[in-house]
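Chemist: Need a 3D model of the sequence below.
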Amino acid sequence: MSASLWRGGPVGSLEPMTHAPALHRVSGSAPGRAPAAGTRRDPFVDLLRVFGMALVVLQHWSIPVLSYDGARLATGNALAMPGVWVVTWVSQVMPLVFFAGGAANLISLRRAPGTAPMWLASRLRRLTWPLLPLAAVWIPLPQLLAELGVPAQPLETGSRLTGQLLWFLAVYLVAVTATPYLAGLHERYGWRVPAVLGAGAVAVDVARFATGAEALGYANIVFVWLAVHQLGFLYADGRLRRPGLTALLGYGSAALLVAFGPYPGSMIGLPGAEISNMAPPTLAMLAVAFGQVGLATLLRPWLLRLPTGRVVAWAGPRMMTVYLWHMPALFAVTGVVVVVLGVDTPAPGGPLWLLGWPLWLGLLGLVMWPLLRAFSRFEEPPALPYGRMGRRGALAAAGLAGGGLLTLTVAGFAPGAAPILGTLAVLGGLLLTVPRAA
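Modeler: Reported below is the predicted structural model:
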């Protein structure tokens, strides 16, 4: 089925599953059930996406332990304290983001009026267009700040980390590009698709730890995140019927893997750790992902009763801006408070840290607000006379943009040719999605 879509067949030929419940029954539906993919937006998916992004920002703003000795900015992690790693089994929300993205992508694909390549081109524009103003600011900014006397090491740290945050867009673009293919497999095989992807994750980790070839682990970027993305497909069709069991098996498997396997307990990378469950993702991360998805869908009826409608409606159209600019806001406040004023972060968890945390978040919010007002207008790509898009053109555009995002992830925005080349590749991918009108 997906092959016919890529050859230009109408996206609407992907009919929703007949057993999926309707949207008007959402408030009283079973915990793991969802509205039929192909009807309307699912408020639970929108809520998860906003919640995930909010927790990403809160975590990035709260956990850095910063100090400056006059030449070098030291960056630690508050979650490195003994026993605190268990928090990351909930606070590491990238599994929920990929899960919600999978559901949203399937719903969007089924609703799209054109072909799968045209759908991909539209998704590509929405993902990469907000990146251009970030690049326009950050390509010249490090050089300008260096000329103004900003110390080299803190400046390089901020420049590189701003780009490294783009790893998510690069991986998510892979999931978006694969969605028409995976949608066809989902229609035919259902649960067997994430099961096979999970088996691939097992094989990768076995090969990685048996041979010591760490590079093998990066294959799990595909197996782990696409497996979680595929769970979103199952949710969209109402097939996650036992969320409690999913949560128990997921978290239980993660506990066994951490207790008896080579995996660390933390689901984020910590300073000095020999192995990270996140970069590259491991089987333990996949197990926690199943736990999170099961827990979230179990709580779905209760979550949908919360008065979050206005917050979700306001935040939804601004999420990309928040994601792209919340780290520059952190670097701006760090530059003034830590580097210029010499105020180091207090010891994590202590009374000074707890008292100063609201003030720290308040300063970050004050810096973030004008950035949000200035750059949220770039969330929506320009309304150009887009024509028809073929499979080869759509895949070429995705490949070029993905290569650019990968370049920016690895090199960041540190002075040099790499950020310019990466941005040009992203721009080239965008231009390929603007064919002449048919």
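Chemist: so how many other residues sit close to residue 122?
Modeler: Residues lying near residue 122 (other CB atoms under 10 Å) number 18. No exception for glycine: its C-beta is placed from N, CA and C like everyone else's.
Chemist: In contact with it, which residues are there?
Modeler: Taking CB atoms under 8 Å, 6 or more residues apart in numbering, we find residue 122 in contact with 112, 386, 433.
Chemist: now with 10 Å?
Modeler: 108, 112, 114, 381, 386, 389, 394, 433 (CB atoms under 10 Å, 6 or more residues apart in numbering).
Chemist: are any of these buried, and which?
Modeler: Taking 16 or more other CB atoms under 10 Å as the criterion, what is buried in the contacts of residue 122 is 108, 112, 114, 381, 386, 389, 394, 433.
Chemist: from those residues, which has minimum pLDDT?
Modeler: When those are compared on pLDDT, residue 386 comes out lowest, with 75.
Chemist: which among the buried ones among the contacts of residue 122 gets closest to residue 201?
Modeler: Nearest to residue 201 out of those is residue 108 (CB to CB; 26.2 Å).
Chemist: Same list (the contacts of residue 122) but as JSON lines, adding distance to residue 158 and secondary structure.
Modeler: JSON lines is the format used below for these (distance: CB to CB, whole Å; DSSP: H, G, I helix; E, B strand; the rest coil):
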{"residue": "108", "distance to residue 158": "35", "secondary structure": "helix"}
{"residue": "112", "distance to residue 158": "39", "secondary structure": "coil"}
{"residue": "114", "distance to residue 158": "41", "secondary structure": "coil"}
{"residue": "381", "distance to residue 158": "28", "secondary structure": "coil"}
{"residue": "386", "distance to residue 158": "36", "secondary structure": "coil"}
{"residue": "389", "distance to residue 158": "37", "secondary structure": "coil"}
{"residue": "394", "distance to residue 158": "35", "secondary structure": "helix"}
{"residue": "433", "distance to residue 158": "31", "secondary structure": "coil"}
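Chemist: In JSON lines, list the residues you listed along with distance to residue 50.
Modeler: Shown next, in JSON lines, are the contacts of residue 122 (distance: CB to CB, whole Å):
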{"residue": "108", "distance to residue 50": "17"}
{"residue": "112", "distance to residue 50": "23"}
{"residue": "114", "distance to residue 50": "28"}
{"residue": "381", "distance to residue 50": "21"}
{"residue": "386", "distance to residue 50": "28"}
{"residue": "389", "distance to residue 50": "30"}
{"residue": "394", "distance to residue 50": "28"}
{"residue": "433", "distance to residue 50": "27"}
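Chemist: low-confidence ranges in the stretch 201-350 of the chain?
Modeler: Counting by pLDDT under 70, the stretch 201-350 of the chain contains no low-confidence range.
Chemist: Just the CA trace of stretch 50-64, in PDB.
Modeler: Only the C-alpha atoms of stretch 50-64 are listed here, as PDB (Å, rounded to 0.1, in the frame of the first residue of the first chain):
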ATOM      1  CA  VAL A  50       3.300  20.100  24.700                       C
ATOM      2  CA  PHE A  51       4.000  18.300  27.900                       C
ATOM      3  CA  GLY A  52       7.100  16.700  26.400                       C
ATOM      4  CA  MET A  53       8.500  20.000  25.100                       C
ATOM      5  CA  ALA A  54       7.800  21.700  28.400                       C
ATOM      6  CA  LEU A  55       9.600  19.000  30.400                       C
ATOM      7  CA  VAL A  56      12.600  19.100  27.900                       C
ATOM      8  CA  VAL A  57      12.900  22.900  28.500                       C
ATOM      9  CA  LEU A  58      12.500  22.600  32.300                       C
ATOM     10  CA  GLN A  59      15.100  19.900  32.500                       C
ATOM     11  CA  HIS A  60      17.600  21.700  30.200                       C
ATOM     12  CA  TRP A  61      17.200  24.800  32.300                       C
ATOM     13  CA  SER A  62      17.300  23.200  35.700                       C
ATOM     14  CA  ILE A  63      20.000  20.500  35.600                       C
ATOM     15  CA  PRO A  64      23.200  22.300  34.500                       C
END
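Chemist: how about stretch 305-320: buried residues?
Modeler: Buried, per 16+ other CB under 10 Å, within stretch 305-320: 308, 312, 315, 318-320.
Chemist: what's the farthest-apart pair in those residues?
Modeler: 308 and 320 (19.6 Å).
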